[in-house]
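Trainee: My questions are about this predicted structure, shown below with the sequence.
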Amino acid sequence: MTSSIQKLTLNPLRLFSANTQVAKLAAELYEKIKDLPIISPHGHTDPSWFNENKNFQNATDLLIRPDHYVFRMLYSQGISLDSLGIPQHGEKGDLSLYKNADPENIWQLFAEHYYLFVGTPSGYWLDHTFSEVFGMTEKLCSENAQAYYQEINRQLALPDFTPLALMDKFNIELIATTEGALDSLSHHSAIADSKWAKRVITSFRPDDVVDASREDFAANLQKLAELTGENTRSWQGYLNAIRKRRQYFIQQGRATATDHGHPTALTANLSENACQALLLKCLTGQSNEQEQELFRAQMLTEMAGMSIEDGLVMQIHPGAHRNHNTHVFDYYGRDKGCDIPSQTEYVNALKPLLSKYGNHPDLNIILFTLDETTYSRELAPLAGHYPSLKLGPAWWFHDSPAGMLRFRQQTSETAGFYNTAGFNDDTRAFLSIPARHDVARRVDCRYLAELVANHQITMNEAHTLAYQLTYGLVKQAYNLR
């Protein structure tokens, strides 16, 4: 029987273009920036990893269960989430199924279907991780699955593979986790007096207390009141409570940014009386979808005002239809790979916020999109005009070689490079971080090399831009200087 095992090799010229001249120029640019420190200002890794600094238990818990990119693809091919050991955290879920899942069997199942990831960003990131982090020389498949699993587990038990050791190994200068407004930040507080305090920070994600469509919205506002001593049924008390939590995140978690995952980019500028009435309607469960959307819209404007007050950078990334698969949401809960991109409008949606605050010198907003049709038509012109706006990188479903290239091609002529915010990885999968940043660096070098080859910019300008896109702009955009 013929073996299915293939060699695992990473071509040093990968992603640099099939054009020989462009590839040569890209390689020259990449050589200068490939070893720059990683800034990861927007992510979803678990802060307990860095506080407790315990070795990861096994390959499955590290590489499969936290990564919705991975189990999303497997689920699309009819592989159940139960068989992958994904915990059932939904209202109808049964956590005992998770406890009974065998991580070794899950890994074997993953390996048998690894071919599904060929040509995808996940496949690229995983191959990079297997080769560069664990030193594997064979492509993962059914035949070598157990050898892979045992070797990865052996390495994970070594002192060099604790989370903090990997921070150094990956040359991660800073990583930001993301926590909800009600989070105690206990892990961030625990490292506040250590050398890691400046390298592991949080971001303030207030969706749990501003999204009136959530089933737990009223209960969350009651918790917010208890945490802050404010009356969250009063509009001003509610806003003051959020201000206090922002300060808590700044003090206890060294936060430099907020994070807003609204369904749309809609903003509003209502009167205080209208805001009070809308708040009470949402709290009593009598609001409809349009009123809940209006409440979120008003809160984006309020958050912009608060960012002017406290200096937190505001990240807005709308356009995901969250938890599209009702069955998965009911049984497994949020963030299980069921979010789908939706059409998103920015020009009219952001106008109320920008009319009120868009010209303020102390406001810094980073915009993201899942709707690529808005790059050249809406986002690049907005960022190319308003001093308060920067463009975040190609995000989520477009966090890919082709997606990153499209982003540069469609935004650079109108917004330039200096109205963008570098790269962020937006990941829960810790070991994929160096792979993701390497892809971004390679694609940016390719794009710059094409401009040089076309005699649009000089090589000196390209070297400067390569540095800025890799390291300089992200530190500036997130106030990390």
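Mentor: Received the coordinates, thanks.
Trainee: So Leu354 sits against Pro387, correct?
Mentor: No - applying CB atoms under 8 Å, one finds Leu354 not in contact with Pro387, separated by 10.8 Å. Quick note: C-beta positions are derived from backbone N, CA and C, even for glycine.
Trainee: the more surrounded of those two?
Mentor: Higher neighbour count among Leu354 and Pro387: Leu354, with 23 against 13, using other CB atoms under 10 Å.
Trainee: residues contacting the more buried one?
Mentor: Contact analysis of Leu354 by CB atoms under 8 Å, 6 or more residues apart in numbering lists 267, 386, 388.
Trainee: residues near the first one, how many?
Mentor: Right, the one you point to is Thr267. Considering only other CB under 10 Å, Thr267 is surrounded by 26 other residues.
Trainee: when you give positions from now on, start the count at 31
Mentor: Shifting the count to begin at 31 puts that one at Thr297.
Trainee: do you know how far it is from Lys386?
Mentor: 9 Å (CB to CB, to the nearest Å).
Trainee: Could you tell me which residues touch both of these two?
Mentor: Counting by CB under 8 Å, 6+ apart, the residues touching both Thr297 and Lys386 are 331, 334.
Trainee: where does the stretch 31-180 of the chain dip in pLDDT?
Mentor: Flagging of the stretch 31-180 of the chain using pLDDT under 70 yields the residue ranges 31-33.
Trainee: Just the helices from it, written as ranges.
Mentor: 50-63, 77-82, 89-93, 98-106, 126-129, 133-142, 151-158, 175-186 (DSSP state H, counting those that start in this stretch).
Trainee: Which one of those lies nearest to Ser219?
Mentor: Nearest of the helices of the stretch 31-180 of the chain to Ser219, taken as CB to CB: helix 77-82 at 8.9 Å.
Trainee: residues near Tyr416, how many?
Mentor: Around Tyr416 there are 18 residues (other CB under 10 Å).
Trainee: Nearest residue to Tyr179 in space, ignoring adjacent ones along the chain?
Mentor: Nearest residue to Tyr179, sequence neighbours excluded (CB to CB, 6 or more residues apart in numbering): Trp137, at 4.7 Å.
Trainee: Please name the residues that touch the one you found.
Mentor: 88-90, 94, 175, 178-179.
Trainee: quick one: which of those is most hemmed in?
Mentor: Ala89 leads the contacts of Trp137 on contacts (other CB under 10 Å) with 25 neighbours.
Trainee: Can you give me the pLDDT of the closest residue to that residue other than its chain neighbours?
Mentor: Leaving aside its sequence neighbours, Ala89 sits nearest to Ile182 (CB to CB, 6+ apart; 4.1 Å). Model confidence at Ile182, given as pLDDT, is 98.
Trainee: what's the answer for Lys274, then?
Mentor: 98.
Trainee: Within the helices and strands, which one has it?
Mentor: helix 265-283 (DSSP states H and E).
Trainee: for that helix, which positions count as buried?
Mentor: Neighbour counts over helix 265-283 (16 or more other CB atoms under 10 Å) mark 265, 267-273, 275-280, 282-283 as buried.
Trainee: now do stretch 369-389
Mentor: Going by neighbour count (16+ other CB under 10 Å), the buried part of stretch 369-389 is 369, 371, 374-376, 379-380, 382-384, 387-388.
Trainee: That one: end-to-end distance?
Mentor: In stretch 369-389, first residue to last residue: 33 Å (CA to CA, to the nearest Å).
Trainee: Mind checking the pLDDT average for that stretch?
Mentor: 97.
Trainee: how far does that stretch sit from the chain's center?
Mentor: The chain centre lies 20 Å from the centre of stretch 369-389; the measure is CA atoms, centre = their mean, to the nearest Å.
Trainee: how many neighbours does the nearest residue to Thr441 once chain neighbours are set aside have?
Mentor: Spatial nearest neighbour of Thr441, chain neighbours left out: Ala410 (4.2 Å); criterion: CB to CB, 6+ apart. For Ala410, the count of nearby residues is 22 (other CB under 10 Å).
Trainee: can you check the one 10 residues further on too?
Mentor: Burial of Lys420 is recorded as 23 neighbouring residues (other CB under 10 Å).
Trainee: hey, what's it bridged with?
Mentor: Ile396 (DSSP bridges).
Trainee: pretty sure it contacts Leu393?
Mentor: No - with contact defined as CB under 8 Å, Lys420 does not reach Leu393; the gap is 11.0 Å.
Trainee: quick one, what contacts the residue nearest to the spatial centre of the chain?
Mentor: The chain has Asp456 as the residue nearest its centroid, 1.8 Å off, counting by CA atoms, centre = their mean. By CB under 8 Å, 6+ apart, the residues touching Asp456 are 72-74, 425-426, 429.
Trainee: again, only this time at 6 Å
Mentor: By CB atoms under 6 Å, 6 or more residues apart in numbering, the residues touching Asp456 are His72.
Trainee: Would you indicate which residues of stretch 488-503 are buried?
Mentor: 492-493, 495-496, 498-503.
Trainee: Just the CA coordinates for it, please, in PDB.
Mentor: Extracted in PDB, the C-alpha atoms of stretch 488-503 (Å, rounded to 0.1, in the frame of the first residue of the first chain):
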ATOM      1  CA  THR A 488      11.900  53.800  -4.700                       C
ATOM      2  CA  MET A 489      13.500  51.000  -2.900                       C
ATOM      3  CA  ASN A 490      14.400  53.300   0.000                       C
ATOM      4  CA  GLU A 491      10.800  54.300   0.400                       C
ATOM      5  CA  ALA A 492       9.800  50.600   0.300                       C
ATOM      6  CA  HIS A 493      12.200  49.800   3.100                       C
ATOM      7  CA  THR A 494      10.800  52.600   5.200                       C
ATOM      8  CA  LEU A 495       7.200  51.500   4.500                       C
ATOM      9  CA  ALA A 496       8.000  47.800   5.200                       C
ATOM     10  CA  TYR A 497       9.200  48.800   8.700                       C
ATOM     11  CA  GLN A 498       6.200  51.000   9.300                       C
ATOM     12  CA  LEU A 499       3.700  48.400   8.200                       C
ATOM     13  CA  THR A 500       5.400  45.700  10.300                       C
ATOM     14  CA  TYR A 501       6.100  47.600  13.500                       C
ATOM     15  CA  GLY A 502       5.900  51.400  13.500                       C
ATOM     16  CA  LEU A 503       2.300  52.100  12.600                       C
END
